[in-house]
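>>> mind looking at a prediction? Sequence and model below.
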Amino acid sequence: MSELKTKALSTAHRDLMEAVSFLKNGHLVAFPTETVYGLGGDARNNSAAARIFTAKNRPSFNPLIVHTTSIKEAVRYAYFNDVAKCLAMAFWPGALTLVLPLRPKHGLSAIVTSHLPSVGIRVPSHPIAQSLLAKFDGPIAAPSANHSGKISSTTAEHVLNDLSGKIAAVIDGKACTIGIESTIVQCDNSQTVILRPGGISKNTIETVLQRKLTHFSSPETISSPGQLRSHYAPCAGLRLNVYSAQKYESHLGFAKINGNLNLSRNGCLKEAANNLFAYLHELDALRRPIAVAPIPKIGIGIAINDRLTRAATPAQ
Ligand code: TXA
Ligand code: MG
């Protein structure tokens, strides 16, 4: 593939219209969401979808999330049962992705859904993501804006470092406020199951539904095809639950375990999630192995531990 000159766009109206014109012509534009930066392409366009997989070097069996402006638009593509309706009303716009059965004549590219009978849909709350979706007036497929298996991007700079020359443009909308990907819940008439922990905690979802949910985490029976064992991997390796690091390691601290960088000195898990990918990028650039302090496995700490465990697993 020939190299592109990736354009850095601002959030001004004129720049957003340029982003829309790239998208309408099947090109790729990375944009901020409240979770992480997404690598956007027209979800109805096969060649745009194929470009996303090529730019990320993503396996074709790993489907993309489709972003829409509203629940009203989302119901055009998928069936919402009562549980899905309840979750969409409670958490959209926001950091929740629903995996739902596709409707016939949905109009989405089969490359986006990896030919599955279901689709992952999210209505993001970030004002720039919303504005882009409204101006584009259609569904935008967007995985996280990073090479497959590498650390997700939470700033436009991360995107440029990773994907420059591979995509048409990136919209610089400052750092993401949540900093960790959406929680993915599959809802169909046979089950409601969390496929990926994320920005909204299991407890919060269970409180809304008033019942307990299964967290589907067995990599042997992958149901979220992207839930691969190794993901988010820094170059020089990473180990977990480390109170004091070796000399040759960078130490990522939490609370009282200081480290070279500290995810949250106050032990705030929300702050830790927000800093996680940015600090992993920063330490990864030093090309030294990373040792990470223990992080409590509660609330959004479950999503943090999920990402760290995958980051600690060497690629096969
Ligand atoms: O916060 C987020 O979710 C970000 C922003 C950009 O929206 N996106 C994101 O996309 O994290 P990605 O591609 O990095 O992760 C999407 C996950 C993958 O694990 C994929 O396998 C799963 O969603 N997924 C998408 N469609 C699915 C489907 N139909 N069935 C099961 N899993 C699905
Ligand atoms: Mg990703």
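Happy to help now that I have it. Numbers count the residues shown, from 1 in each chain. Ligands and ions are numbered 1, 2, ... in the order given.

>>> does residue 261 have beta-bridge partners, and which?
Beta-bridge pairing for residue 261 (DSSP bridges): residue 252.

>>> surely it touches residue 279?
Yes. Counting by C-beta atoms under 8 Å, residue 279 is a contact partner of residue 261 at 4.8 Å. C-beta coordinates here come from the backbone N, C-alpha and C atoms, glycine included.

>>> who has more neighbours, those two?
Neighbours per residue, other C-beta atoms under 10 Å: of residue 261 and residue 279, the larger number sits with residue 279, 24 against 16.

>>> element containing the more buried one?
Taking DSSP states H and E as the definition, residue 279 sits inside helix 269-284.

>>> which residues are common contacts for residue 261 and residue 279?
Both residue 261 and residue 279 are in contact with residue 252, where contact means C-beta atoms under 8 Å, 6 or more residues apart in numbering.

>>> hmm, residue 212 is touching residue 205, no?
No. With contact defined as C-beta under 8 Å, residue 212 does not reach residue 205; the gap is 10.1 Å.

>>> of those two, who's got more company?
Shown here are residue 212 and residue 205; by other C-beta under 10 Å, residue 205 has more neighbours (20 against 9).

>>> my read is that that one contacts residue 184, right?
No. With contacts counted by C-beta under 8 Å, residue 205 stays clear of residue 184, the gap being 11.0 Å.

>>> joint contacts of these two?
With C-beta under 8 Å, 6+ apart, residue 205 and residue 184 have common neighbours residue 194.

>>> quick one: distance of stretch 97-116 to the chain centre.
Relative to its chain's centre, stretch 97-116 lies at 18 Å (C-alpha atoms, centre = their mean, to the nearest Å).

>>> for residue 128, which non-adjacent residue is spatially closest?
residue 173 (4.1 Å; C-beta to C-beta, 6 or more residues apart in numbering).

>>> if you could redo that for residue 180, that was the one I meant.
In space, and not counting its chain neighbours, residue 180 is closest to residue 273: 4.4 Å by C-beta to C-beta, 6+ apart.

>>> burial of that neighbour, as a residue count?
25.

>>> report the contact partners of it.
Contacts of residue 273 (C-beta under 8 Å, 6+ apart): 178, 179, 180, 199, 300, 303, 304.

>>> quick check: pLDDT value at it.
Residue 273 carries a pLDDT score of 98 in this model.

>>> what's the neighbour count on residue 215?
Residues near residue 215, counting by other C-beta under 10 Å, number 14.

>>> what do you get for residue 191?
12.

>>> got the phi and psi for it?
phi -160, psi 160 (degrees, to the nearest 10).

>>> for residue 99, see how far away it is.
10 Å (C-beta to C-beta, to the nearest Å).

>>> same check on residue 107?
18 Å.

>>> ok, the two, which is more surrounded?
Legend: neighbour count by other C-beta under 10 Å for residue 107 and residue 99, higher for residue 99 (23 against 11).

>>> does that one touch residue 195 like I think?
Yes. Between residue 99 and residue 195 there is a contact at 6.4 Å, judged by C-beta under 8 Å.

>>> run a quick neighbour tally on the residue nearest to residue 128.
22.

>>> before we move on, what about residue 250?
When neighbours are counted by other C-beta under 10 Å, residue 250 comes out with 23.

>>> and for residue 102?
17.

>>> what pairs with it across the strands?
Beta-bridge pairing of residue 102 under DSSP bridges involves residue 78.

>>> how near is residue 162 to residue 91?
Using C-beta to C-beta, we find residue 162 at a distance of 28 Å from residue 91.

>>> er, residue 246 actually
Taking C-beta to C-beta, one finds residue 246 at 41 Å from residue 91.

>>> which parts of the protein sit against ligand 1?
Contact residues, the chain versus ligand 1 (C-beta under 6 Å from any ligand atom): 33, 35-36, 38, 62-65, 97, 99, 113, 116, 118-120, 122, 142-144, 181-182, 184, 195-196, 224-227.

>>> in strands, which of the residues you listed appear?
Counting by DSSP state E, the part of those found in strands is 38, 65, 97, 99, 118, 119, 120, 122, 184, 195, 196.

>>> for the fourth one, which non-adjacent residue is closest in space?
In space, and not counting its chain neighbours, residue 99 is closest to residue 186: 4.0 Å by C-beta to C-beta, 6+ apart.

>>> that's a strand at that neighbour, yeah?
Yes. Counting by DSSP: H, G, I helix; E, B strand; the rest coil, residue 186 is part of a strand.

>>> from what I see, it and residue 213 are in contact.
No. Look at residue 186 against residue 213 with C-beta under 8 Å: they stay out of range, at 10.2 Å.

>>> fine, thanks again, bye for now.
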